[in-house]
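In: Give me the fold of what follows.
(chains A and B)
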Amino acid sequence: MNIQEYISSGIVESYVLGLADEAERVEFEQMCTRYAEIRAARDAFELSLEQHAMAAAVAPPTQLRETILQQFTTEPAVSINPGAPVVQLRPIRRSTASMAMRYVAAAAIILLAGSAILNIYYFNKYREYSRRYDQLVAQQAELALNNKAMQTRMGGYERTIAGLTNPNMAKIYMDASAVPAGSPAPGSQATVLWDTRTKDVYLMVNNLPEPEAGKQYQLWAIVDNQPVDAGMLEMDKGRMMVKMKNIPRAQLFAITLEQEGGSPTPKGPMYVMGKV
Amino acid sequence: MGITLTYTEQELVSLLRNRDNKAFAYLYDNYASALYSIILQIVNDAELANDVLQDVFVNIWRRIEQYDTGKGRLFTWMMNIARNASIDTLRSRSYQNSRKNQSIQENVDTLAATDVLQPGVDSIGLRKVLERLRDEQRTLIELAYFKGYTHEEIAELEKIPLGTVKTRIRNALIQLRALLR
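Out: Below is the predicted model:
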């Protein structure tokens, strides 16, 4: 076959424009692979057709561009390469997952360390407050005791004041100067308060020296020249009025220093004495 | 007019095969107008041409794997997609219905009076070149290229022997090539 004749037969244009039938197409494609001249003729016609088409171009409506191109961003690769994107995505997913896990792990470690530090801090705080609490409880108990003692003393003083101001109370002042044989402590003074209705005797020490160890002051009522025990003195009561024994009748009251616990009859020295 | 490409055809094709959206935008910007012109010459209706242009780009997107660089230029491949899509649209049932079920015979009879003489469309592209051909050659190219009829269909329609149809079309194409240079 003469190549030039073949080229100029119109087969090139027929093929390129899509007008050749199946047999012509197959033949032309075979000829193209064998003869560079035929390929060159085909390329030349294609190029002139393309240039002519470009020159004759008519712009489509501008909004069409976006409509068409948007389809490709929304339409995934259909049927051509269904596997490829999935294969590409997997390692990306894996790496993002491990990054997320790394952040979670880091956050967990930080939280754990923070928690441990807080535990130590709060345990120390707990111990400190626990110690302070024990101190406060001890202080409170002490204060309560003090308070009770103070109340007891207050009650004593209140009774003393009530006794002193009671019009039914006879007051017998006992003095060291009234002691016939002379008192070992000349400045000693004490007062007996004697309830004229109940005959209860109360004693209030104004001034008596602290007795030596093993000794105790004892109050006596002198009834018809016979001494009657009227009770023992507790020196820790201060100037409070202390209830003694009930003495229905007496002419004198006196205090002697006796053995601790008292004596049935006075044996020790007399410190003060007073007449009813 | 020269064609200025920032991609070589091969680069463009491989990008298109990778579904590169920028490459499709580039393709549209460089070729949509030329393809739109070809579509217009066949469907002869701007609204219809818009739909066909969409089909053409969807077909390019879906069938780019089938494009064989050894068999011709990318533009030639796209041009044939545009031509086929246009002819398919004209032949689609809905379009035929809208044209009141004209038979092939009636269609051919009205050809000279309507389609070929549409103002505007015959002054662009290949149609403009066709004007310089003899009437009988122009009718054959019209039927074969713009209507998509086979040589056998044309022989039947024009009542001329198949061999004569082939020869006349070949001669018309040879003249067309000379006119395009």
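
In: Might you report the residue contacts of B:L74?
Out: Residues in contact with B:L74 (Cβ atoms under 8 Å, 6 or more residues apart in numbering or on different chains) are B:E9, B:L12, B:V13, B:Y67. Using the backbone N, CA and C atoms, a C-beta is placed for each residue, glycine as well.

In: And whichever strand or helix holds A:I109, what does it pack against?
Out: Counting by DSSP states H and E, the element that carries A:I109 is helix A:84-165. On a contact count with 3 or more Cβ pairs under 8 Å, 6 or more residues apart in numbering or on different chains; DSSP states H and E, helix A:84-165 meets strand A:200-207, strand A:241-246.

In: and with 7 Å instead?
Out: Applying 3 or more Cβ pairs under 7 Å, 6 or more residues apart in numbering or on different chains; DSSP states H and E, we find helix A:84-165 packed against strand A:241-246.

In: most surrounded residue in the contacts of B:L74?
Out: In terms of neighbour count, B:L12 stands highest of these at 20 neighbours, by other Cβ atoms under 10 Å in any protein chain shown.

In: From A:H52, how far out is that residue?
Out: If you measure B:L12 against A:H52 using Cβ to Cβ, to the nearest Å, the figure is 21 Å.

In: same question, A:F253
Out: Taken as Cβ to Cβ, the span from A:F253 to A:H52 is 155 Å.

In: For those two, indicate the residue with more neighbours.
Out: A:F253 (26 against 19).

In: What angle do strand A:200-207 and whichever strand or helix holds the more buried one make with each other?
Out: Applying DSSP H and E as the criterion places A:F253 in strand A:252-259. Inter-element angle recorded for strand A:252-259 and strand A:200-207: 70 degrees (by axes from the mean of the first three to the mean of the last three Cα atoms, to 10 degrees).

In: mind listing what's buried in the next helix-or-strand element following strand A:252-259?
Out: Per DSSP H and E, the first helix or strand lying C-terminal to strand A:252-259 is strand A:270-275. If you call a residue buried by 16 or more other Cβ atoms under 10 Å in any protein chain shown, then strand A:270-275 has these buried ones: A:M270, A:Y271, A:V272, A:M273, A:G274.

In: Please list which of those residues also come close to chain B.
Out: By Cβ under 7 Å from any Cβ of the partner chain, no member of the buried residues of strand A:270-275 lies near chain B.

In: pLDDT-wise, which helix or strand of chain B ranks last?
Out: Taking mean pLDDT, DSSP states H and E as the measure, chain B has helix B:104-111 as its least confident helix or strand, at a mean of 48.

In: what does stretch B:125-135 contact?
Out: Around stretch B:125-135, the neighbours that count as contacts under Cβ atoms under 7 Å, 6 or more residues apart in numbering or on different chains are A:53, A:56, B:37-38, B:41, B:121-122, B:138, B:141, B:172, B:175-176, B:179-180.

In: how about the strands in chain B?
Out: For chain B, strands defined by DSSP state E do not occur.

In: what's in contact with the strand holding A:F253?
Out: With Cβ under 7 Å, 6+ apart, strand A:252-259 has contacts from A:172, A:174, A:190, A:192, A:211, A:214-222, A:266-276.

In: How about stretch B:139-156?
Out: By Cβ under 7 Å, 6+ apart, stretch B:139-156 touches A:17, A:19, B:41-42, B:87, B:111, B:116, B:130, B:133, B:157, B:161-162, B:165-166, B:168-169, B:172.

In: What residues sit buried inside that stretch?
Out: Applying 16+ other Cβ under 10 Å to stretch B:139-156 flags B:139-149, B:151, B:153-156 as buried.

In: Show me what the helix ranked longest in chain B packs onto, helices and strands only.
Out: Once chain B is assigned using DSSP state H, the helix that runs over the most residues is helix B:21-43. Contacts defined by 3+ Cβ pairs under 7 Å, 6+ apart place helix B:21-43 against helix A:36-55, helix A:62-74, helix B:9-17, helix B:46-63, helix B:74-91, helix B:125-130.

In: returning to what we had before: right, and the helix or strand after the helix holding A:I109?
Out: Next element after helix A:84-165 (DSSP H and E): strand A:169-175.

In: Measure how far that following strand is from the centre of its chain, please.
Out: The chain centroid and the centroid of strand A:169-175 are separated by 64 Å under Cα atoms, centre = their mean, to the nearest Å.

In: With stretch A:34-45 instead?
Out: So, by Cα atoms, centre = their mean, the centroid of stretch A:34-45 is 93 Å from its chain's centroid.

In: what comes up buried for it?
Out: By neighbour count with 16+ other Cβ under 10 Å, stretch A:34-45 contains the buried residues A:I38, A:A41, A:R42, A:D43, A:F45.
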